[in-house]
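Trainee: requesting a structural model of the entry that follows:
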Amino acid sequence: MDSGQATVTLSRMGCYAEDHAVHLDEDLPDMTNDIVYTIFLIFTGAAVFATLALFARQALLVAYILLGTLLGPSGLGLVTDPDLIRGIADIGIMFLLFLLGLNLQPQDLLRMARKTTLVTLGSSLACFLLAAGLAWLFGYRWGEALLIGAVAGFSSTIIGLKLLPTTVLHHQRMGEIIISILLLQDLIAIALLLLLGAGGENGVPLYRLVLLLASLPVLALFAFVMERWVLTPLIRRFDTIREYVFLLAIGWCLGLAELARLLGLSHEIGAFIAGVSLASGPVALFVAESLKPLRDFFLVMFFFSIGASFDPRMLPLVLAPALAIGLSLLALKPWVFRWLLARTGEKPDTGLEIGFRLGQMSEFSLMVAVLAWEQGVIGRQAAYLIQVSTVLTFLVSTYLIVLRYPTPIAVSADLRRD
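Mentor: Sure thing, here's the model as predicted:
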């Protein structure tokens, strides 16, 4: 082959490669750009909305929900695939429950349980009766009314703790009570999520419920054996390499979450048990602090996905019952907590403040609403009712707290405490 033929051959090969590359670009969607663009919209918008929320003395998670509604399919339509975001956001819920488990010292919970168990159960029962009765009066089925009543008794862990000063002795004592109540509420919520995950519109088959009840202690036993004989020795051997401890904790959380799914439980249950198994270990505090930024990243995605999946056209259908339930809970909880905590020896003013700080519904209420709708336990309208009631209580409760009590973002400089 002479030089002229070689040049022609190489030229043809170059043209073929260029044409082939063009076809590859046309065939493969630019998923990277789509994901980067979506994350850009979410976090740039979240920064703007968070700034506005702080000036308005509101919880940041409310800003994320409103941003999702604005940018989602029912709003401007800039984010058209909320299911993708929801899939990513579910990881945030796993990390939330993992960190909750890390903070669940069994001995601390037992120490406070004598005082707060009756308070938690009594307040939950009062909220249940109120919300379920109102939902039934507004025409919801008994099954839907019962679930609405069940989620009404939960309070927001995020709002309750983030608006509580930790540098004042009075609020350190109050913080112990609030954390104990929230932990017990969260355990009830996790049990409810477990039951919903096991069943559906036809209920929970007896054999499946038995398997689930058997799987839970098996998973817990496996977790504590692994923690004692594998994880703790590894951590003590390599505890100076913080990157390794960080990776080991993430792998443990996600690994046990996946094992829970294989056993018929949920990812969230597995992540929670993974956290509890490490709670008494030597690195629980380090892991909890290290994972907070990662948790916050995914939680922004979770609350954004809640807003993105919301259809404003449903608002007229649920606004009246949402106002009735939300405002009634906000009015009831302070006095219920005041009365119940006074029975345990706390000052009435302390009980009243705790009631205001726990007056809202919970992020777990949103999770239960979504899961119950997906499982066919409740209808779409009932799920939207729970979501609107929850967001309404977030808004009003946050404003009441920063207006009346010391918080890091209080309206008055005299009330601003870290």
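Trainee: any idea how many residues pack against the nearest residue to L294 once chain neighbours are set aside?
Mentor: Closest residue to L294 apart from its sequence neighbours, by C-beta to C-beta, 6 or more residues apart in numbering: F95 at 6.2 Å. In this view, the C-beta of every residue, glycine as well, is placed from N, C-alpha and C. Look at F95: counted by other C-beta atoms under 10 Å, it has 23 neighbours.
Trainee: what do you get for the one 5 residues further on?
Mentor: By other C-beta under 10 Å, the residues close to L100 number 21.
Trainee: use 54 as the first number from now on
Mentor: New numbering, starting at 54: the last item is L153.
Trainee: quick check: which helices or strands does the one helix or strand it maps to pack against?
Mentor: Secondary structure from DSSP states H and E places L153 in helix 135-155. Secondary-structure packing of helix 135-155 (3 or more C-beta pairs under 8 Å, 6 or more residues apart in numbering; DSSP states H and E): helix 84-108, helix 222-251, helix 295-315, helix 320-331, helix 337-361.
Trainee: highest mean neighbour count out of those helices?
Mentor: helix 320-331 (a mean of 26; mean count of other C-beta atoms under 10 Å).
Trainee: distance of R194 relative to I201?
Mentor: 10 Å (C-beta to C-beta, to the nearest Å).
Trainee: so the two - more neighbours on which side?
Mentor: Neighbour totals were compared for R194 and I201, and I201 leads with 29 against 13 (other C-beta under 10 Å).
Trainee: got a list of what that one touches?
Mentor: Going by C-beta atoms under 8 Å, 6 or more residues apart in numbering, I201 touches A184, A185, A188, Y193, I378, A435, L438, I439, S442.
Trainee: same check on Y297?
Mentor: Y297 makes contact with F291, according to C-beta under 8 Å, 6+ apart.
Trainee: where does it land on pLDDT?
Mentor: pLDDT for Y297: 88.
Trainee: out of the helices and strands packed on helix 135-155, nearest to E406?
Mentor: Closest to E406 of these is helix 222-251 (C-beta to C-beta; 7.0 Å).
Trainee: how far does the closest one sit from its chain's centre?
Mentor: 13 Å (C-alpha atoms, centre = their mean, to the nearest Å).
Trainee: can I get the helices and strands packed on helix 135-155 in a markdown table with distance to K400?
Mentor: Formatted as a markdown table, the helices and strands packed on helix 135-155 follow (distance: least, C-beta to C-beta, whole Å):
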| stretch | distance to K400 |
| --- | --- |
| helix 84-108 | 31 |
| helix 222-251 | 10 |
| helix 295-315 | 40 |
| helix 320-331 | 32 |
| helix 337-361 | 31 |
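Trainee: tell me which element the nearest residue to L129 once chain neighbours are set aside is part of?
Mentor: Nearest non-adjacent residue to L129, counting by C-beta to C-beta, 6+ apart: L123, 6.2 Å away. Here L123 sits within helix 113-124, counting by DSSP H and E.
Trainee: name the helices or strands packed onto that helix?
Mentor: Where contact means 3+ C-beta pairs under 8 Å, 6+ apart, helix 113-124 is packed against helix 84-108, helix 337-361, helix 433-457.
Trainee: buried stuff in the last one?
Mentor: Residues of helix 433-457 classed as buried by neighbour count (16 or more other C-beta atoms under 10 Å): 435-451, 453-455, 457.
Trainee: per-residue pLDDT of the spatially closest residue to I326 that is not a sequence neighbour, please?
Mentor: Setting aside the residues directly before and after it, I326 is nearest to A276 in space (C-beta to C-beta, 6+ apart), at 5.1 Å. In this model, A276 is scored at 90, pLDDT.
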